[in-house]
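**Q** the amino acid sequence is not available; the structure is as follows:
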DNA sequence: TGACAAACGGAGCTATCGTTCCGTATAGTC
DNA sequence: GACTATACGGAACGATAGCTCCGTTTGTCA
């Protein structure tokens, strides 16, 4: 449960004093977050809020006191998830073997995101309005991936013409494909994508690559 | 507009005599289908039926007389689209250059499906109950792709370990990624996938491929 | 042209879901 | 233990969207 947020942070107001919350309020907030995380992951973003509230063991009123809208709740979870992935990328950026670090990262993300419908849908953009908070978060992720990618490219492990945007696109696509085509093994798809990201073999002979 | 269907075919009853429909009924049916096709493609499957009816220039009542549910209407369109793709695969299966035929097919599908939200969502399975009719259709598509793939593999243009299911998964993933990550060029993503599908360079030297 | 079955249109019914409101319960404090 | 601000619960409201119903229109056939 990495997702945390300061409940009400209005945009412009320079409010500072985070007044202490009551113990039960804190507890319930955490419960809602936890319940939402699992329910969204399992069912996607279209589950009714009632379901989340019930799973959390609170009333809908309580849910709405902590998160002003369903979308905000989802956003909170999303920001947590994406931030986590970005941290993972940063953590791997300094590894000894840049190639292994890069491809390991891809595998990690795919594995982690498999069966997380909500994340997938969000990355996909299906039916979700991209909020500013999430957009910023994505920028952060893209920056982290850019670094990891650059190192791997410098080491010759990844094609030089690949951009961070392409990496993100390809990764989310792999997650989606894996989730919805159970017939095709996740590993097989990932393998294809990874090999496609590698440079076309040093001096080269093989069949015409790159049109 | 390849989508066609015999309006009411009950499951078990061996009814044969397709009683002739009135001219306006036929016309309206076609209009609904056409409108639905473009609206679904543009907005996804969540558009209200009213929108489709309006675009078709008919009332919702008329829409529902031709298609018992919104889902059935969508299904009709889907079946048409998927069948078309399957035919494309079959048409290319006998080409001179199996490799070019195979990769050309992938490019064709991606290009054709770009900007077709509904198809993508359906391939994804997001929020759509897979109906029998569509499932059959998918089987047909998979068979067609299997043939095209087999020929290409025999010619050494595609990895031998790739299965039809993987190809479909990878293609739909590419469509989705291209649609939702405008930052990453469709061509770039397709390139990566295609190269990943190719065999790992004849005798080989390059960096370790295939774990 | 008249008659009738077939088809149409769209108001409105129903179910669902996000959100609000307010009476009740409780954590924290003296 | 009493008091109060804080938080809770869940009934109810409003909006939306799928679908139905029935009075009206129209194609077809003689």
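**A** Received, thanks. None of the values given here were measured: they were computed from a predicted structure.

**Q** can you give me the neighbour number for residue A:145?
**A** 25 (other Cβ atoms under 10 Å in any protein chain shown). For every residue, glycine as well, the C-beta is placed using N, CA and C.

**Q** right, and it touches residue A:165 too?
**A** No - between residue A:145 and residue A:165 there is no contact under Cβ atoms under 8 Å: 9.0 Å.

**Q** from the centroid of chain A, which residue is nearest?
**A** Centroid check for chain A by Cα atoms, centre = their mean gives residue A:82 as the closest residue, at 3.6 Å.

**Q** so which strand or helix has that residue?
**A** Assigning secondary structure by DSSP states H and E places residue A:82 in helix A:70-93.

**Q** isn't the residue nearest to the centre of chain A up against residue A:136?
**A** No - using Cβ under 8 Å, residue A:82 makes no contact with residue A:136, being 9.8 Å away.

**Q** do the helix holding residue A:82 and chain B meet?
**A** No - figure legend: helix A:70-93 not in contact with chain B (Cβ under 8 Å from any Cβ of the partner chain); closest approach 14.5 Å.

**Q** cool, and stretch A:162-177?
**A** Yes - among the residues of stretch A:162-177, A:162-163, A:165-166, A:168-170, A:172-174, A:176-177 lie within reach of chain B under Cβ under 8 Å from any Cβ.

**Q** could you dump these to TSV with distance to residue B:57?
**A** Listed next are the residues of stretch A:162-177 next to chain B as TSV, based on distance: Cβ to Cβ, whole Å:
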residue	distance to residue B:57
A:162	48
A:163	45
A:165	41
A:166	43
A:168	42
A:169	38
A:170	42
A:172	39
A:173	38
A:174	42
A:176	36
A:177	38
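
**Q** helix or strand for whichever residue of chain A sits closest to DNA strand D, which one?
**A** Chain A approaches DNA strand D most closely through residue A:61 (1.9 Å), counting by Cβ to the nearest atom of the strand. Element membership for residue A:61 (DSSP H and E) is helix A:60-66.

**Q** domain parsing of chain A, as residue ranges.
**A** Domain ranges of chain A: A:23-67, A:78-197, per automatic domain parsing.

**Q** which parts of chain A sit against DNA strand D?
**A** A:19, A:21-22, A:24-25, A:28-29, A:57-62, A:64-66 (Cβ under 7 Å from any atom of the strand).

**Q** now with 6 Å?
**A** A:21-22, A:24-25, A:28, A:58-62, A:65 (Cβ under 6 Å from any atom of the strand).

**Q** which residue packs closest to residue A:83, ignoring adjacent ones?
**A** Nearest residue to residue A:83 in three dimensions, chain neighbours excluded: residue A:137, at 6.1 Å (Cβ to Cβ, 6 or more residues apart in numbering or on different chains).

**Q** now that neighbour, what's its secondary structure?
**A** helix (DSSP: H, G, I helix; E, B strand; the rest coil).

**Q** tell me the angle the host helix or strand of residue A:42 makes with helix A:70-93.
**A** Per DSSP H and E: residue A:42 is located in helix A:23-43. With axes from the mean of the first three to the mean of the last three Cα atoms, to 10 degrees as the basis, helix A:23-43 and helix A:70-93 are set at 80 degrees to each other.

**Q** in the helix or strand that contains residue A:134, what's buried?
**A** For residue A:134, the element it lies in under DSSP H and E is helix A:132-154. Neighbour-count burial for helix A:132-154, with 16 or more other Cβ atoms under 10 Å in any protein chain shown as criterion, is recorded at A:134, A:137-138, A:140-142, A:144-146, A:148-149, A:151-153.
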